[in-house]
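Novice: Okay, here's the prediction I keep looking at, along with the sequence it came from:
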Amino acid sequence: MKSRRVILILILVLALSCLILGVILGGILREGNTLPDSAVDDILDLLRESGITADRSLVSGRRKTAPVYVLGSGDYESTVASLLSGSVPAKTYDVPEGMILLMENGARVDFGEDFSFRYSRGGERVDAYRAADLSPSGVPLSGERKAAVEAIVTEFLESGSRSFESGGERVDIRCETDAVWEAEGVQYAMCSRSIDGIRIAANRVICALDGDTVGEAWGTWYFLTPAESYSAQLSDTLNILFNMKKEIGAAKTPVTVKAVTLCYSLWFRGDGEGFCLIPCWQIATDTMGSFLFNALDGSFYTRN
């Protein structure tokens, strides 16, 4: 009886020791990935002296983690064109800027660089000036018709991804409707895409409706679906602000950071095995537009 009681006590002591060790190790890991508040304030002061002002609430000295999504492309153009049009290619043309597919049902799909595309159910090429216009310009829709338009364009765009390989993990990829409006008797919707609640940058399309069907669509859209993912540590936002300072150079006037947002951007893997979506930090400023940085290594990506 005594030996059983001793064993029970030893088990309890061991369990308590493991719990304490876990708390200590967790604290060490957190401290190793987080700058003290005083250090964050000092860094913000240094940035302010060099011309960049950011509110304390916008930045963090803590290094977070986020998934990197590996995408499988397959026979991309033919697959997407068939899914969007509900038909099969009758003729395919390689052109300097991409590819043109004329479908058996009369639809036409043009693919350009960086996953840009133009779709026409009637076969006419979308004018270049319209394809470049990705801004709402008309009377906003509301109520039941707005909801109906959103459902139509979501079904259309999501249909283009249905044949691509999906990984074992459940990934929430959604079509987001940012605006719905009407101009000269035509109803339009501007759409973007998100993955697990985080927006995918430079991924925007306008759909023009012909009744209750998408008659035309143009913009940039990654119809690819993640085949696998892995977790990666991100650069902290303070480091990103210092990298932005390098890009700005010696600014003559102060620059104020208005927002710091985590998003995803398409990245070419460079090994002949396709693309991936990587986490990026988007820094919006008051006078110099937005800066996009690779959140994995802090390198500058693009500016708009």
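Specialist: Arrived safely. Numbering: from 1, shown residues only.

Novice: what's the closest non-adjacent residue to residue 203?
Specialist: In space, residue 203 comes closest to residue 193 once its chain neighbours are excluded; the distance is 4.8 Å by CB to CB, 6 or more residues apart in numbering. The C-beta positions use only the backbone N, C-alpha and C, and glycine is treated the same way.

Novice: the helices in the protein, which residues?
Specialist: Taking DSSP state H, the helices of the chain run over residues 2-32, 37-49, 76-85, 128-131, 143-159, 237-248.

Novice: Lowest average confidence across those helices, which one?
Specialist: For the helices of the chain, mean pLDDT drops lowest on helix 2-32, to a mean of 42.

Novice: Next, give phi and psi for residue 106.
Specialist: Main-chain torsions, residue 106, degrees, to the nearest 10: phi 100, psi -10.

Novice: show me the contacts for the closest residue in space to residue 237 that isn't next to it in sequence.
Specialist: Of all residues not flanking residue 237 in the chain, residue 59 sits nearest, at 4.5 Å (CB to CB, 6+ apart). Each residue near residue 59 by CB atoms under 8 Å, 6 or more residues apart in numbering is listed here: 40, 44, 237-238, 241, 260.

Novice: which one among these gets closest to residue 88?
Specialist: Using CB to CB, residue 260 is the member of these that sits closest to residue 88, with 45.9 Å.

Novice: Which residues are in contact with the closest one?
Specialist: 54, 58-59, 237, 240, 281-284.

Novice: same question, residue 213
Specialist: Going by CB under 8 Å, 6+ apart, residue 213 touches 121, 152.

Novice: in the sheet, who's paired with it?
Specialist: Here residue 213 sits in beta bridges with residue 210, going by DSSP bridges.

Novice: Next one, pLDDT for it please.
Specialist: So, for residue 213, pLDDT stands at 97.

Novice: just for the stretch 201-304 of the chain, where's the confidence low?
Specialist: Residue ranges of the stretch 201-304 of the chain with pLDDT under 70: 250-252, 270-273.

Novice: Over to the stretch 51-200 of the chain?
Specialist: In the stretch 51-200 of the chain the weaker segments, taking pLDDT under 70 as the threshold, are 73, 164-170.

Novice: unless I'm mixing things up, residue 202 is touching residue 266, no?
Specialist: Yes: using CB atoms under 8 Å, residue 202 is in contact with residue 266, at 7.5 Å.

Novice: what residues are shared contacts of these two?
Specialist: Counting by CB under 8 Å, 6+ apart, the shared contacts of residue 202 and residue 266 are residue 114.

Novice: about what we covered before: which of the contacts of residue 59 lies closest to residue 66?
Specialist: Of all the contacts of residue 59, residue 66 sits closest to residue 237, with 12.9 Å by CB to CB.

Novice: burial of the residue lying closest to residue 202 once chain neighbours are set aside, as a residue count?
Specialist: Closest residue to residue 202 apart from its sequence neighbours, by CB to CB, 6+ apart: residue 220 at 6.0 Å. Residue neighbour count, defined by other CB atoms under 10 Å, stands at 18 for residue 220.

Novice: Residue 114 too?
Specialist: The number of residues packed near residue 114 is 10, by other CB under 10 Å.

Novice: ok so, going back, for residue 132, state which of the contacts of residue 59 is nearest.
Specialist: Nearest to residue 132 among the contacts of residue 59, with distances taken as CB to CB, is residue 260, at 28.8 Å.

Novice: could you check the distance from that closest one over to residue 48?
Specialist: Distance of residue 260 to residue 48, computed by CB to CB, to the nearest Å: 16 Å.

Novice: Would you map the strands across the stretch 51-200 of the chain?
Specialist: Counting by DSSP state E, counting those that start in this stretch, the segments of the stretch 51-200 of the chain that form strands are 52-54, 65-72, 89-95, 98-103, 108-111, 116-120, 139-140, 173-183, 186-195, 198-210.

Novice: Nearest residue to residue 156 in space, please, no chain neighbours.
Specialist: Per CB to CB, 6+ apart, closest to residue 156 is residue 214, 4.4 Å.

Novice: Please list all residues in contact with that neighbour.
Specialist: For residue 214, the contact set (CB under 8 Å, 6+ apart) comprises 119, 121, 152-153, 156, 207-208.
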